[in-house]
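Asks: Sequence first, predicted model second:
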Amino acid sequence: MENRIILSRLFSYVRPHLTKFIAAIISMAVVAMTEPSVAAIMEPMIDGTFIKRDPDAIVLVPLVLVGLFFIRGVARVVATLCITSVATRVVMQIRLDLHHHIQQLPQQFMDANPTGKLLSKVSYDVEQLSSTASHVWLVLVRDTLTVIGLLGYMFYQSWQLSLLVLITVPIIAVIIKLVSTKMRKSSHALQQGMGSLTHRLEEGIKGHKLIKLYGAEKQESDKFHKVVDDLRHNALKLTVIGASNSPIVQFVIAIALAAVVYFAANLQGDASMSAGAFTSFFFAMGMLFAPLRALTNVAEPFQKGMAAAESVFSLLDESQERNTGTKEITGFTGAVEIRNLSFRYSNQKTPALNDINLSIKPGEKVALVGASGSGKTTLTQLLPRFYDPQQGQILFDGVDIRELSLKNLRDQIAYVDQEVLLFDETVAENIAFGDPSGPDPKKVRLALKQAHAEKFVAEMDCGIESRIGEQGSMLSGGQRQRLALARAFYRQASLLILDEATSALDNESERQVQAALEDICVDRTTIIIAHRLSTIENADRIVVMDQGEIREIGTHRELMEKDGFYRALYQKMGV
Ligand SMILES: Nc1ncnc2c1ncn2[C@@H]1O[C@H](COP(=O)(O)OP(=O)(O)OP(=O)(O)O)[C@@H](O)[C@H]1O
Ligand SMILES: [Mg+2]
């Protein structure tokens, strides 16, 4: 992305806060103008009050001095306030946009992008973008104006001495450049070190049990020691380089000052200066170096900010899932028809589904079975349009699902994922997830009852108001599944898709989940992916899949008699 485009997009976020933004610029200009004024006041201060003992000057100069610092202080606070206020609002808006955008991204994008990357874009990159943008902006406006003001004043006082000062500027700039390159390298190493630190810690914490079981504490400690030691080394280096920067620059400045003093004392005739004028000049010159230094260093945060902005905007540019359907179905009967459906994941060579044809009647209980990787989950994920097939169509009550709005389509479906996802919230909030009016305790209790989850929830500390921990970590596997079932019950959709978890449950949990499954299928179309064939012996129809194709369809009895794929599968599982 070109810098110009990035900047104009950034500015589009600033535009709604234009008044504050302009106020910031004006106050920065005021700050900048006070700098040469402070230097200029030195002349009447020294010549008027000390040397000529002018009674007006003795009263006026101190007053003006106090006034100047007051104005400068107020302008500084206003500038910082305005720019920070704009920056924080921009950050907020970009975060909101990103969050909204991520929700609309197609599943395909989520598959291809690691969670950590997305997280750091929203949290870190946006922050970086704003802090560097406001810093860079402050420096560019305020310090450029300050430098112009101070230089103008210096030339006004004495062009000869000003030229002398200007000679030292490039030397200082080179020194600063050299030091900052070194600092950038070290700070880069430090950042990476921080990355490794978090990474190591995260692995260590996640692998807590594994480390104990395998007695790997010593190895892990050693690895961690190395990371921490590198970090310490780099932090030290960075501080030392940073600390040596000022003394070197100050030394060069001291030489420049010495030269100025020497030449000023030798200036003759028109060029000669009063003590006050010289002090003023000297003061302005001293004040010149801080903003100059800020300006020479601005390239780095500028580049950082641009990189962050590019990363953020490129995420915002990712195309959203296609949602062009306008039709809505009401009173969906649960009739699903799949016609000549083929689908390939964009990163795979072979299709995951090949020419699938299946017609499901309202209220039917259809089971999908087949070896791991045969395409069962993929098929069910096409129904809520997590992916769009390359060929064929899916009809709900005779309407192509691409003609429906995504919201309407998804409203018809309750989906229990193969990997149960629960939120670190209460039982009730988890079950009523997505209910715009919040959890309805009656409905929640009913759903729990239907999912055979009533008993264990009642035994929890606060009943349905108990929190269940990250990913439901305070629950057993079977309990988590039953909560997921309860969530599906609560939704009361006409089409229920159950992707049974592969992880084995103990007999009691399995019996409970099984009983819940029996209940849930009543009165609605159910597509159930079963890994335990015992679960689906009483399904209306069993669809056997293999390598993305349907091989057999029939009842348990029919398929067992046929002696084909299903029977082989059944025997392999030893049921
Ligand atoms: N997000 C994805 N991106 C790319 N390929 C995928 C993705 N998900 C699944 N696949 C591939 O598609 C094929 C079908 O996978 P799918 O998850 O549908 O199998 P499954 O029948 O549900 O298996 P299991 O019984 O193990 O759950 C597999 O070869 C798999 O590698
Ligand atoms: Mg699966």
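Replies: Looks like it came in fine. Since the structure is predicted, the reported quantities are computational estimates derived from the model, not experimental observations. Numbering: from 1, shown residues only. Ligands and ions are numbered 1, 2, ... in the order given.
Asks: pLDDT wise, what is P439 at?
Replies: Looking at P439, its pLDDT stands at 91.
Asks: and it, how many neighbours?
Replies: A count of nearby residues for P439, using other CB atoms under 10 Å, gives 20. Heads up, the C-betas are built off the backbone N, CA and C, glycines and all.
Asks: Tell me if I'm right that it and E425 touch.
Replies: No - counting by CB atoms under 8 Å, E425 is not a contact partner of P439; they are 9.8 Å apart.
Asks: mean confidence for stretch 40-60?
Replies: Here stretch 40-60 scores 85 as its mean pLDDT.
Asks: Return the alpha-carbon coordinates of that stretch using PDB.
Replies: The C-alpha trace of stretch 40-60 is given here as PDB (Å, rounded to 0.1, in the frame of the first residue of the first chain):
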ATOM      1  CA  ALA A  40      13.800  37.000  22.500                       C
ATOM      2  CA  ILE A  41      12.900  38.100  25.900                       C
ATOM      3  CA  MET A  42      16.400  37.500  27.000                       C
ATOM      4  CA  GLU A  43      17.600  40.600  25.200                       C
ATOM      5  CA  PRO A  44      15.400  43.200  27.000                       C
ATOM      6  CA  MET A  45      15.900  41.200  30.200                       C
ATOM      7  CA  ILE A  46      19.600  41.600  30.200                       C
ATOM      8  CA  ASP A  47      20.100  44.900  28.400                       C
ATOM      9  CA  GLY A  48      17.000  46.600  29.800                       C
ATOM     10  CA  THR A  49      17.000  45.500  33.400                       C
ATOM     11  CA  PHE A  50      20.600  44.800  34.300                       C
ATOM     12  CA  ILE A  51      22.600  47.000  32.100                       C
ATOM     13  CA  LYS A  52      20.400  50.100  31.400                       C
ATOM     14  CA  ARG A  53      18.300  49.700  34.500                       C
ATOM     15  CA  ASP A  54      15.200  50.800  32.500                       C
ATOM     16  CA  PRO A  55      12.300  51.100  35.100                       C
ATOM     17  CA  ASP A  56       9.700  50.000  32.600                       C
ATOM     18  CA  ALA A  57      11.700  47.000  31.500                       C
ATOM     19  CA  ILE A  58      12.200  45.900  35.200                       C
ATOM     20  CA  VAL A  59       8.400  45.600  35.600                       C
ATOM     21  CA  LEU A  60       7.500  44.500  32.100                       C
END
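Asks: Name the residues of that stretch that are buried.
Replies: Along stretch 40-60, these residues count as buried under the neighbour rule (16 or more other CB atoms under 10 Å): A40, I41, M42, E43, P44, M45, I46, D47, G48, T49, A57, L60.
Asks: Settle this for me: the first one is touching L150, isn't it.
Replies: No - when contacts are counted by CB under 8 Å, A40 is not listed as touching L150 (10.0 Å).
Asks: what residues are up against the residue in the stretch 51-200 of the chain that ligand 1 sits nearest to?
Replies: Residue nearest to ligand 1 within the stretch 51-200 of the chain (CB to the nearest ligand atom): D111, separated by 4.1 Å. The neighbourhood of D111, defined by CB atoms under 8 Å, 6 or more residues apart in numbering, consists of Y345, N347.
Asks: Against ligand 2, how distant is it?
Replies: 14 Å (CB to the ion, to the nearest Å).
Asks: next one: G469
Replies: G469 is 25 Å from ligand 2, by CB to the ion.
Asks: for the residue nearest to that residue when sequence neighbours are not counted, phi and psi?
Replies: In space, and not counting its chain neighbours, G469 is closest to D424: 6.1 Å by CB to CB, 6 or more residues apart in numbering. Backbone geometry at D424, expressed as degrees, to the nearest 10, gives phi -80, psi 60.
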